[in-house]
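> curious how this folds, go ahead:
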Amino acid sequence: MILNETFDYADDAALQAAWTTPASLTLDASAGNPSPAAAHSGANAIHQPMNLSFNITPTAANPLLLRADIYSSGTAQQANTVGLRTGANPLFEMGMYRFFDNVQTGPTTTAPLSPTEDGIGIRLLNLGVGGFAGQSWIKFDDNYTGWARWEALFTDVTTTVRVDLDIDGVWDYEFSSTRGTPIGAFTDIRFGAPSAVGTSATGFLVDNIYLAVIPEPSSLALSLLGGFGLLAMFRRRR
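Numbering: from 1, shown residues only. You can find the predicted model right below:
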């Protein structure tokens with residue numbers, strides 16, 4: 001286990017000592033799974049854990065698992081995510097976005113969206129979306145209100161994501177992408193509003209950020225990754 005963050009801090013000062021500032025990072029004692037949760041306000045608020053150093057290259061035998069509970073107030077034009085990266089490449093983010101450059105409308109089809117089209121989804125860079133020309137953003141659905149559990153599993157060549165809206169035990173969205181060459185290492189974990197965001201980054205809470213190398217591929221990986229080839233696939237539960 002690399003990180004198991006439940007945000008169970010005594011006060012804001014203790015939270016900010018564990019995660020990088022700005023001071024817009026605070027505790028919300030009335031929300032969480034269970035409470036408290038971390039909250040941030042304002043644009044360009046990026047938070048990374050202090051005194052945490054890792055360099056993990058996921059493999060098929062030892063995938064890397066990232067999980068987080070993210071709350072959205074339903075406010076439009078948000079950019080609130082949890083993600084992994086090594087500098088700027090590879091890069092992975094999951095959560096709410098104020099716009100999507102492209103949206104996946106089918107197994108091999110994308111369509112452009114206007115900058116005002118926001119919602120929930122993921123961003124991938126150097127993680128296998130080359131089958132969709134120019135695309136690094138995959139939209140799952142429009143914005144929502146409430147908690148959702150996000151889970152991402154990485155091997156050396158695959159990225160598999162699923163989302164449980166309302167955290168009711170039902171995975172509402174599933175996505176898998178495969179690339180032809182290894183993804184490489186991840187060295188940074190962060191949450192907050194990505195840098196290219198407006199001023200409407202409000203109503204964001206996060207809880208239960210978990211990052212670990214697991215010894216065997218999970219049943220999720222086996223069921224979603226098998227047979228997908230080199231094209232990303234997306235399925236919404238009906």
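
> what about A14, helix or strand, and which?
Using DSSP states H and E, A14 falls within helix 12-18.

> CA-only coordinates of that helix in CSV, if you can.
Taking C-alpha atoms only, helix 12-18 is exported to CSV below (Å, rounded to 0.1, in the frame of the first residue of the first chain):
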residue,chain,number,x,y,z
ASP,A,12,-7.1,22.3,8.9
ALA,A,13,-3.5,22.9,10.0
ALA,A,14,-2.8,19.2,10.3
LEU,A,15,-4.4,18.6,6.9
GLN,A,16,-2.4,21.3,5.2
ALA,A,17,0.8,19.9,6.8
ALA,A,18,0.1,16.6,5.2
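
> which residues sit against that helix?
The contact list for helix 12-18 (CB atoms under 8 Å, 6 or more residues apart in numbering) reads F7, Y9, A23, L25, T26, L27, A38, P49, M50. Using the backbone N, CA and C atoms, a C-beta is placed for each residue, glycine as well.

> go through these and name the one nearest T159.
Lowest distance from T159 to the contacts of helix 12-18 (CB to CB) belongs to P49, with 22.0 Å.

> residue contacts, the closest residue to the closest one other than its chain neighbours?
Closest residue to P49 apart from its sequence neighbours, by CB to CB, 6 or more residues apart in numbering: W19 at 5.7 Å. If a contact means CB under 8 Å, 6+ apart, then W19 has L25, A38, H47, Q48, P49, M50 as its contacts.

> out of those, list just those in strands.
Taking DSSP state E, the ones among the contacts of W19 that sit in strands are A38, H47.

> would you mind checking which of the contacts of W19 is nearest to W171?
Comparing those against W171 with CB to CB places A38 closest, at 24.0 Å.

> quick check: that closest one vs A45, distance?
11 Å (CB to CB, to the nearest Å).

> check D207 too.
Remark: distance between D207 and A45 (CB to CB) = 16 Å.

> report the helix or strand with the lowest average pLDDT across this protein.
Sorting the helices and strands of the chain by mean pLDDT, DSSP states H and E puts helix 219-225 at the bottom, at a mean of 48.

> need the pLDDT of the residue most central in space within the chain.
Centroid-nearest residue in the chain: M94, 2.3 Å away (criterion: CA atoms, centre = their mean). What the model reports for M94 is a pLDDT of 95.

> touching, it and L84? I think so.
No. Using CB atoms under 8 Å as the test, M94 is too far from L84 to be in contact (9.5 Å).

> just for this protein, where's the confidence low?
Where the chain drops to pLDDT under 70, the residues are 22-23, 42-43, 101-116, 128-135, 194-203, 216-238.

> so what's P90 closest to, chain neighbours aside?
Distance criterion CB to CB, 6+ apart; nearest residue to P90, sequence neighbours excluded, is N126 at 4.2 Å.

> quick check: neighbours shared by M94 and L84?
Residues touching both M94 and L84 (CB under 8 Å, 6+ apart): L66, A152.

> ok, the contacts of helix 12-18 vs I183, which is closest?
Minimum separation from I183 among these (CB to CB) is found for P49, which lies at 21.6 Å.

> around the closest one, count how many other residues there are.
Neighbours of P49 under the rule other CB atoms under 10 Å: 19.

> swap in the one 3 residues further on?
Residue crowding around L52 was assessed by other CB under 10 Å; the count is 14.

> residues contacting it?
I2, L3, I189.

> 7 Å - rerun?
By CB atoms under 7 Å, 6 or more residues apart in numbering, the contact set of L52 is L3.
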